[in-house]
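> give me a model of this one.
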Amino acid sequence: MIWKVLLLALILIGFVVLALGVGIFFTKKKSFPETSISKNKDMQKLKITCAKHDELHACGIDGGCCGSENNNHKDLK
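Modelled structure (predicted):
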């Protein structure tokens, strides 16, 4: 009985992996969405910043982080 359930689960997982692969390989959009907060246009529109930037700002240190234009915090360690 348990072997039938395990086999069914493996077949289902295999089908899902195959379907995701087909979706990735055969779509016109070949890039993954940007996950870095500093480079994501939608997060910039919503004025969402990374936690490191928020901490630096809370400590009164000006400058960016995560690839921003100003990295004045490099000397802090």
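> the longest helix in the protein is where?
Longest helix in the chain by number of residues, with DSSP state H as the criterion: helix 2-25.
> buried sites along that one?
By 16 or more other Cβ atoms under 10 Å, helix 2-25 has no buried positions at all. Heads up, the C-betas are built off the backbone N, CA and C, glycines and all.
> what average pLDDT does that helix get?
The average pLDDT for helix 2-25 rounds to 91.
> just the buried residues of the next helix or strand after it, please?
As assigned by DSSP states H and E, the chain's next helix or strand after helix 2-25 is helix 41-45. Using 16+ other Cβ under 10 Å as the burial criterion, the residues of helix 41-45 that qualify are residue 43.
> would you mind writing the CA trace of helix 41-45 as PDB?
Output of helix 41-45 as PDB, limited to C-alpha atoms (Å, rounded to 0.1, in the frame of the first residue of the first chain):
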ATOM      1  CA  LYS A  41      11.900  48.500 -10.400                       C
ATOM      2  CA  ASP A  42       8.700  47.600  -8.700                       C
ATOM      3  CA  MET A  43      10.200  47.700  -5.200                       C
ATOM      4  CA  GLN A  44      11.800  51.100  -6.000                       C
ATOM      5  CA  LYS A  45       8.400  52.400  -7.100                       C
END
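> does anything pack onto the helix or strand where residue 56 lies? Which helices or strands?
According to DSSP H and E, residue 56 maps onto helix 51-58. With contacts defined as 3 or more Cβ pairs under 8 Å, 6 or more residues apart in numbering; DSSP states H and E, helix 51-58 has no helix or strand neighbours.
> buried ones in it?
Within helix 51-58, the residues that count as buried by 16+ other Cβ under 10 Å are 53, 56.
> would you put the C-alpha positions of it in PDB?
Coordinates of each C-alpha in helix 51-58 appear next as PDB, following Å, rounded to 0.1, in the frame of the first residue of the first chain:
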ATOM      1  CA  ALA A  51      17.100  46.100   5.800                       C
ATOM      2  CA  LYS A  52      20.800  47.000   5.700                       C
ATOM      3  CA  HIS A  53      19.900  50.400   4.200                       C
ATOM      4  CA  ASP A  54      17.200  51.000   6.900                       C
ATOM      5  CA  GLU A  55      19.700  50.200   9.700                       C
ATOM      6  CA  LEU A  56      22.300  52.500   8.300                       C
ATOM      7  CA  HIS A  57      19.700  55.300   7.900                       C
ATOM      8  CA  ALA A  58      18.500  54.700  11.500                       C
END
